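In: Only the shape, not the letters, is given here:
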């Protein structure tokens with residue numbers, strides 16, 4: 001039997017993931033938020049993220065609106081209306097507790113509720129491992145490109161093959177791409193290519 005994560009482990013993993021992704025933990029002067037051992041507020045240049053971890057789905061379902069109110073109050077108290085950050089509030093609601101089957105609709109309704117702030121919700125089976133915590137937070141993380149040969153290839157490097165499929169000589173396209181890449185004269189390279197054939 002696998003051991004499920006604790007609320008403390010989930011919060012620690014979420015804090016680590018957000019910190020590694022450029023978010024800084026915000027200093028909060030609201031006593032209600034500071035007293036809660038299972039909540040943290042983070043920010044980056046673009047938005048505010050409040051992470052709340054509950055021991056059970058029932059706690060989450062009963063208390064998420066309080067967490068939302070705290071986040072909305074923090075945003076309205078500390079940010080001025082014209083700041084873009086005021087519109088980028090995210091409430092992350094997590095629980096390692098199992099989601100009862102009859103609560104699936106309630107979970108989806110909560111995920112789709114964008115009233116006041118956007119919500120990211122994960123429960124039970126969604127948080128089986130510490131890696132799953134990262135998966136739940138993906139909508140907040142910066143996009144990264146895969147480290148593959150194709151990811152490093154520029155459009156020019158793909159051009160010879162694409163043009164060959166359209167009936168244009170790969171050799172000639174290769175000469176043009178080579179000249180462009182090395183900042184040489186395309187005409188001089190083409191002339192050299194034709195005269196040395």
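Out: That came in fine, so what should we check first? All values reported here derive from a predicted model rather than from experimental measurement. Residues are numbered from 1 along each chain as shown.
In: Kindly state the pLDDT recorded for the residue most central in space within the chain?
Out: The chain has residue 141 as the residue nearest its centroid, 2.4 Å off, counting by CA atoms, centre = their mean. Residue 141 is assigned 89 on the pLDDT scale.
In: what's it in contact with, if anything?
Out: 17, 21, 134 (CB atoms under 8 Å, 6 or more residues apart in numbering). Heads up, the C-betas are built off the backbone N, CA and C, glycines and all.
In: Format those residues as JSON lines; extra columns: secondary structure and distance to residue 11.
Out: Compiled in JSON lines, the contacts of residue 141 are given as follows (DSSP: H, G, I helix; E, B strand; the rest coil; distance: CB to CB, whole Å):
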{"residue": "17", "secondary structure": "helix", "distance to residue 11": "11"}
{"residue": "21", "secondary structure": "coil", "distance to residue 11": "16"}
{"residue": "134", "secondary structure": "helix", "distance to residue 11": "13"}
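In: so where do the helices sit in the chain?
Out: 7-20, 31-35, 57-78, 104-112, 130-137, 149-152, 155-165, 170-181, 186-195 (DSSP state H).
In: So for residue 124, which of these sits nearest?
Out: helix 57-78 (6.9 Å; CB to CB).
In: which parts of that closest one are buried?
Out: By neighbour count on 16 or more other CB atoms under 10 Å, the buried set for helix 57-78 is 57, 59-61, 64, 67-68, 70-72, 74-75, 78.
In: can you redo the helices of the chain as TSV with distance to residue 47 and mean pLDDT?
Out: Formatted as TSV, the helices of the chain follow (distance: least, CB to CB, whole Å; pLDDT from 0 to 100):
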stretch	distance to residue 47	mean pLDDT
helix 7-20	11	92
helix 31-35	17	50
helix 57-78	10	89
helix 104-112	18	91
helix 130-137	13	92
helix 149-152	27	50
helix 155-165	32	77
helix 170-181	39	83
helix 186-195	45	86
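In: Including distance to residue 42, could those helices go into CSV?
Out: Putting the helices of the chain into CSV (distance: least, CB to CB, whole Å) gives the following:
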stretch, distance to residue 42
helix 7-20, 5
helix 31-35, 12
helix 57-78, 11
helix 104-112, 20
helix 130-137, 10
helix 149-152, 28
helix 155-165, 36
helix 170-181, 42
helix 186-195, 50
